[in-house]
Structures are given as C-alpha cells and as structure tokens.
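*Asks:* could you work out the structure for the sequence below:
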Amino acid sequence: MSTTTNSPSADISLPSVDDLLSDFAADLKYENLADDVIESIRRLFIDTVGVTLAGGLEEHARQAGEVAAALAGAEQATILGSGVRTSVAEAAFANGVAAHSIDFDDTHRFVHPGCAVVPAALAIAEWRSVSGKDLIASLAAGYEISIRVAFAGGAKHRKNGYHPTGTCNVFGAAAAASRALGLDNVQTRSALGIACSMASGITQYRLDGSANKHLHAGLAARSGVLAALLAQRGFRGTSGGLDGELGFLSIYADLENVSYLTEGLGKRFHLTETDIKTYPSCRQSHASIDLALQARQQLQLTPETVDQIDIGIYTYADRPWYTSNEAPATPLEAMLRIPYCVAAALTFGEVNLPQFADTALHDGKLRALLPRIHVTGDTLLDAQWPAERRVNFTCTTTDGRTVTLSAGNPRGGSDNPLSNDDVIQKFRGLAQNLLGQNKSDAFIARAQTLETLTDTRSLIGQLTKTPKP
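*Replies:* Numbers count the residues shown, from 1 in each chain. This is a model prediction of the structure:
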C-alpha cells in the first residue's frame, strides 16, 4: 500500500460500515450498557409482548399463526398466546405479524422497531436458552440498528413508497438474532449482508387498508432470523449491502444520511428515544388525539356541538391516507386517518381498541362529525420535524365558542414519557384477559428483572392463554 501521500486514509485501512455495525452487534455486552438503555429495553420488551398477545387475536394475525403452525418442522419456539410451537423462523414470523397488527407497537420517527426485533430475538432466546442479560444485549443491538438504518433512509425512503417497518427492520432483526445466537463478528457481518437482499415492504396498503402493513413486521422478523442462521452455517453475505454503490441506501434512498448508521455508535443509543404508544393508531394522529380529548373536556364537547375543527400538521403527514375525512372501510384505514381518530376521541372520550371495531366505524354520530374535521399541511411546522411533530388544533362550536390548542410531541415519547406504571397498566389491559392475572403478574415480575434470568425460556410459560373456567 502506498504511503507517499499526505492523505490521512492512504496508509490506514478504515473500517467499513459493515465492519462497524457487525462489530457493534457481535461485541455488545450487557455489562457495557448504561442504566437508561437497560431500563428502556425492559419497558419496550414488556410493551411489545403485551401488544403481540392482543394483536394475535386479530383475524389476519391468527391466519399468519395458522400458516406458521402448518409449516411447523422442529418445535423450537412458541407463538405467543396460543402456545403452539413451531420452527424458530416461523415463530418469529407469526409473532411479528401479531406485534404490528393493532398498530399499538412502539415507534421511532420512521420505523416500528419492536415488532420485528423482539420476535426475532425472543424466538432465538427460547430455542437456545439464552440468558436475560444476553437477551437484553440482543434487543439493544437490534433496536439500535433498525433505528439507525431508518434514520439513514430518512423521509426520502418513506416518500418513495417504502415501509421501513419491513425494509429497515430486517437489519435490526438480523442483528438481534445474530447476537442471540452468539455469532462472531465475521458471521454477523454476513448476516447483515444477507439481510440487505431481504429488505422489502411497499406502502400500497395505505390506499386500501389491507393487512400487508402488518405482514411486513413478520417478514422482517423471519428474514432476520433466516439471515442469522445462514450466516451461522457459513453462507457469505455481500459487502456494502447498506452503503455500497448498489446497496440498500443507494437504491432505496439517496445516501445523504449514511452517517446516521455509525455516528456515535456504541456511545449514543437512539433506542432510548423510542415512543411507547398511548393509542392504537398511527403515531401521526396522536398529538391531534391528545388535543381533541383536551378540547372535549375544556368545552364539554359532543359530536353535535362541534361546528368545525381545523388541524395544521407538518407536511410529512399531509397525505390522503392521513388527512381524508371520509368514513374508513377498514380498521387499518381508520388507524391511519387523523380525522377519524379525532372524531373517535370526541365521540367516545377515549381512543382504544374498541374505537376501531366495526361498531365504532359505523357509529352514526362519529360519521356525521367526520366531514367537519379538516387536516392540512403547514410548512411552518416543518422546521423542527422530525425532532418535533407539532400540531395546531382549532375547534369552533355551534354556539360560537372557539378554542385553539397546540402540542409538540404526543404523550409516550422520550420528552413526555409514560411512567413504568403506565406501561404495566397498558400490558395488563392488553394481555390480562388472555393470560389471567397470575400469569400476567408472573411475566411482569420476570420482565422487570430480566437481567437476573439464567434462561429466558421461563418467560414463555407465562405467555400462553389461560383457559376460562
């Protein structure tokens, strides 16, 4: 190698993005994680498991579980709730679909990381009797890489029609599965290189409310597990899969944000900024729901007393699937549409799973209110986006009163977080009817002290349906 130039990189072989990410994932140890990272993982794990259990009751999640069970093979890991055991890849698939199927799973600006990362890591952990400390490290590696890849893809990736929960999450799922399997740096590098060819997910579902959106999480979880298993056997993944000339970020985005992949890697954990949802709907709707509930209480609103509501939002969310005030035909359409979510808040005084059931979708008062709710993009709100997702809300009543409200980031974010008690209450609300109180209590106790478990298989027995007497 020539050393005659003054270029600082001429005589030094700088590590590639592949090297940095694979070294980070393979070498990450529980003992090197800060307390706030460990606490975030515990909270996100509890939340994701609760959402998975409730989501597994949805029709399309049950269908995914039935397919996974039919493909069973070795009984390596469990489909949560049902207790059916299947192969590790198919369990990750079924649990991934369930985790995303009610749109109540965690989110970080551009991606829902938990719905793919947790199913991938947990399936391997059960199969290989992984300790609690290693599960935490696996989840931390997976969350962080999913989030960083989504940051690097940025708004361009979303605006091109891709769904980061399917595309970016495959890298996080592969990292989590690799770490749970104990793969070395070279094997983990291959797993990430394999994963780049599995990154998939388009957002046509926005136009017809189909369940493809939820399928993406399961496919990412399954593909991440498969990538790790292939790498374990010696299958060599491509180099430059993320930032190469024909790599993921070149094809799917614009490479402008590639520095997000490695900047501060291992020192700053973006996963601590992951939002835990307060409502089972698209995160773009949450600040508007918060303000609608506030206005409802302040003005003692009913659907009949609302003359008009005008909502200004950052222009990223100024898309028909977010702003349409037509009556939705499916629960997914309702979960995406801000006017529907606001109307549900004003009609029922809460926004939870029953507000997306068929009876709510066809409620006469709610449907009559929808045409009076208008959502428009406001370029003045773009300056701080995505760090701040500000919404301006103005409601005029039929008797001439007006209230104008504004909110930055909605509840559940790192700047306005849910308490640990809130997270546990959310878990109970989602899971207790299925598990019963004893199993719910046992899981919560173990999950809150996850690092003390020598074998995380002890968690799984608490996550199966308890027969009704």
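*Asks:* now do the buried residues in stretch 61-76.
*Replies:* For stretch 61-76, the neighbour count (16 or more other CB atoms under 10 Å) marks 61-62, 64-65, 68-69, 76 as buried. Using the backbone N, CA and C atoms, a C-beta is placed for each residue, glycine as well.
*Asks:* what of stretch 218-228?
*Replies:* For stretch 218-228, by 16+ other CB under 10 Å, it's 218-228.
*Asks:* so of the residues you listed, which ones are in strands?
*Replies:* Taking DSSP state E, every one of those sits outside strands.
*Asks:* what packs against the top helix by length along the chain?
*Replies:* Taking DSSP state H as the criterion, the chain has its longest helix at helix 132-159. Packing contacts for helix 132-159, counted by 3 or more CB pairs under 8 Å, 6 or more residues apart in numbering; DSSP states H and E, involve helix 17-27, helix 35-55, helix 114-128, helix 164-167, helix 169-181, helix 248-252.
*Asks:* tell me where the stretch 201-350 of the chain has helices.
*Replies:* Using DSSP state H, counting those that start in this stretch, the helices of the stretch 201-350 of the chain run over 212-232, 248-252, 286-299, 320-323, 331-336, 338-348.
*Asks:* so which of those is nearest residue 270?
*Replies:* When the helices of the stretch 201-350 of the chain are compared by CB to CB, helix 248-252 sits nearest residue 270, at 17.0 Å.
*Asks:* avg pLDDT for that closest one?
*Replies:* The pLDDT scores in helix 248-252 average 92.
*Asks:* how distant is that helix from the center of its chain?
*Replies:* 21 Å (CA atoms, centre = their mean, to the nearest Å).
*Asks:* could you do stretch 206-217 as well?
*Replies:* Taking the mean of its C-alpha atoms, stretch 206-217 sits 14 Å from the chain's own mean (CA atoms, centre = their mean).
*Asks:* first-to-last residue distance for it?
*Replies:* Stretch 206-217 has its terminal residues 16 Å apart, counting by CA to CA, to the nearest Å.
*Asks:* do the same with stretch 255-264
*Replies:* Start-to-end span of stretch 255-264 (CA to CA) is 18 Å.
*Asks:* give me the contacts around that stretch.
*Replies:* 17, 20-21, 148-149, 151-154, 156, 242-243, 249 (CB atoms under 8 Å, 6 or more residues apart in numbering).
*Asks:* switch the cut-off to 7 Å
*Replies:* With CB atoms under 7 Å, 6 or more residues apart in numbering as the contact definition, stretch 255-264 has outside contacts at 17, 20-21, 148-149, 151-152, 154, 242-243, 249.
*Asks:* ok now do residue 386, which residues does it touch?
*Replies:* Residue 386 neighbours (CB under 7 Å, 6+ apart): residue 109.
*Asks:* what number of residues lie near the residue nearest to residue 237 when sequence neighbours are not counted?
*Replies:* Leaving aside its chain neighbours, residue 237 sits nearest to residue 193 (2.5 Å; criterion: CB to CB, 6 or more residues apart in numbering). Neighbourhood size, residue 193 [other CB atoms under 10 Å]: 24.
*Asks:* spatially central, which residue of the chain would that be?
*Replies:* residue 112 (1.9 Å; CA atoms, centre = their mean).
*Asks:* verify the stated contact: that one with residue 103.
*Replies:* No: counting by CB atoms under 7 Å, residue 112 stays clear of residue 103, with 8.6 Å between them.
*Asks:* what's the neighbour count on residue 117?
*Replies:* By other CB under 10 Å, neighbour count at residue 117 equals 40.
*Asks:* check contacts around the closest residue to it other than its chain neighbours.
*Replies:* Once flanking residues are discounted, residue 117 sits nearest to residue 142: 3.6 Å by CB to CB, 6+ apart. Applying CB under 7 Å, 6+ apart to residue 142 gives the contacts 117, 120-121, 172-173, 175-176.
*Asks:* and the pLDDT at residue 142?
*Replies:* Residue 142 is given a pLDDT of 98.
*Asks:* residue 28 now?
*Replies:* 98.
*Asks:* any idea which of the helices and strands packed on helix 132-159 gets closest to residue 289?
*Replies:* Set against residue 289 and scored by CB to CB, the helices and strands packed on helix 132-159 come closest in helix 35-55, at 17.7 Å.
*Asks:* tell me the buried residues in the closest one?
*Replies:* By 16+ other CB under 10 Å, the buried positions in helix 35-55 come out as 37-38, 40-55.
*Asks:* give the other helices and strands that it contacts.
*Replies:* In terms of contacts (3 or more CB pairs under 7 Å, 6 or more residues apart in numbering; DSSP states H and E), helix 35-55 is packed against helix 88-100, helix 114-128, helix 132-159, helix 420-435, helix 437-448.
*Asks:* will you turn these into TSV that also has distance to residue 270?
*Replies:* Listed next are the helices and strands packed on helix 35-55 as TSV, based on distance: least, CB to CB, whole Å:
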stretch	distance to residue 270
helix 88-100	20
helix 114-128	13
helix 132-159	5
helix 420-435	19
helix 437-448	22
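*Asks:* out of those, flag the one nearest residue 465.
*Replies:* Among the helices and strands packed on helix 35-55, if distance is taken as CB to CB, the winner is helix 420-435, at 5.4 Å.
*Asks:* ok, of the contacts of residue 142, which one's closest to residue 398?
*Replies:* residue 117 (47.9 Å).
*Asks:* per-residue pLDDT, that closest one?
*Replies:* Per-residue pLDDT puts residue 117 at 98.
*Asks:* check whether it really touches residue 170, as I assumed.
*Replies:* No: look at residue 117 against residue 170 with CB under 7 Å: they stay out of range, at 10.3 Å.
*Asks:* shaky segments in the stretch 351-469 of the chain?
*Replies:* For the stretch 351-469 of the chain, applying pLDDT under 70 flags the ranges 468-469.
*Asks:* what ranges does it have for its strands?
*Replies:* Ranges of strands in the stretch 351-469 of the chain, per DSSP state E, counting those that start in this stretch, are 373-377, 391-397, 402-407.
*Asks:* report the contact partners of the closest residue to residue 211 other than its chain neighbours.
*Replies:* In this structure, residue 211 finds its nearest non-sequential neighbour in residue 60, 4.0 Å apart by CB to CB, 6+ apart. Counting by CB under 7 Å, 6+ apart, residue 60 makes contact with 101, 211, 214.
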